[in-house]
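>>> Sequence and predicted model, in that order:
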Amino acid sequence: MDNVNGVLSLLGLAKKAGRLEVGEEPVGGAARARDARLILLASDAADNTVRRAKHFADAGACLITQIPATKDELGRAVGRTSCAMLALTDVGFAEATAKKLAALDAAQYGELAERLSVKAARAAQRKQEQQRHDKNVRTGRKRAKK
C-alpha cells in the first residue's frame with residue numbers, strides 16, 4: 001500500500017503540473033489527439049469504462065493499465081470525489097509512474113515500465129536532436145559534407 005501512495009502522490013504532482021487528464025471525455029480527447037502516454041484505470045472501474053479506455057488506447061496508440069487503487073483513492077489523489085480513468089500526457093511522469101508500479105508488482109507492471117522507459121529515452125533523444133538543430137539554425141552552421 002505504501003508504494004500505491006507513492007503512485008497516487010505522483011499523479012497529484014502530474015495534475016498540478018498540468019500533465020494529467022482526468023475523466024472520460026478529457027482522456028478520450030487526449031488519446032485521439034495522440035497526447036496521452038499512459039491511461040490508468042481504477043481497480044474497481046466498471047466494465048464499460050474499461051472497454052472505452054481500451055478503445056481510447058487503441059485509437060491514440062498509448063499504453064493502458066489498471067492500478068491497485070479504487071475510484072475513491074484515485075479521485076482523492078487528483079482532487080475529485082472519485083475518478084475511474086485518467087491519462088498522463090507527459091512521458092516522464094508516465095515512466096516514473098510505471099516504475100513505481102513495477103516496484104510494487106514486477107510481474108504485472110514490469111513490461112509496462114520497460115516499454116515506457118524505451119519511449120522516454122526516444123523522446124529525450126528527439127528533444128536533444130531538436131535542440132541541436134535549433135542551435136545550428138540560430139548560429140548558421142551548415143551540415144558537414146560527407
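Sure thing, it's come through. Values in this document were obtained by computation on a predicted structure and should not be read as measured data.
>>> what about the strands in the chain?
20-22, 38-41, 63-66, 85-88 (DSSP state E).
>>> out of those, deepest packed?
When neighbours are counted by mean count of other C-beta atoms under 10 Å, the highest per-stretch mean among these falls to strand 85-88, a mean of 28. (Glycine included, C-beta is placed from N, CA and C.)
>>> From the rest of the structure, what touches that strand?
Applying C-beta atoms under 8 Å, 6 or more residues apart in numbering, the contact partners of strand 85-88 are 11, 14, 19-24, 26-27, 30-31, 36-42, 45, 49, 52-53, 56, 62, 74, 78, 94, 97.
>>> do that again at 7 Å, thanks
Residues outside strand 85-88 that contact it (C-beta atoms under 7 Å, 6 or more residues apart in numbering) are 14, 19-24, 27, 30-31, 36-41, 45, 49, 53, 78, 94, 97.
>>> which residues does the nearest residue to A42 once chain neighbours are set aside contact?
Distance criterion C-beta to C-beta, 6 or more residues apart in numbering; nearest residue to A42, sequence neighbours excluded, is K71 at 4.3 Å. Applying C-beta under 7 Å, 6+ apart, one finds that K71 lies in contact with A42, D44, A45, S82, C83, A84.
>>> mind putting the residues you listed in TSV, distance to R138 included?
What follows is the contacts of K71, written out as TSV (distance: C-beta to C-beta, whole Å):
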residue	distance to R138
A42	47
D44	52
A45	48
S82	49
C83	43
A84	46
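>>> Please type out the ChimeraX selection for whichever of those residues turn out to be buried.
The following ChimeraX line selects those of the contacts of K71 that are buried, judged by 16 or more other C-beta atoms under 10 Å:
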select :42,45,83,84
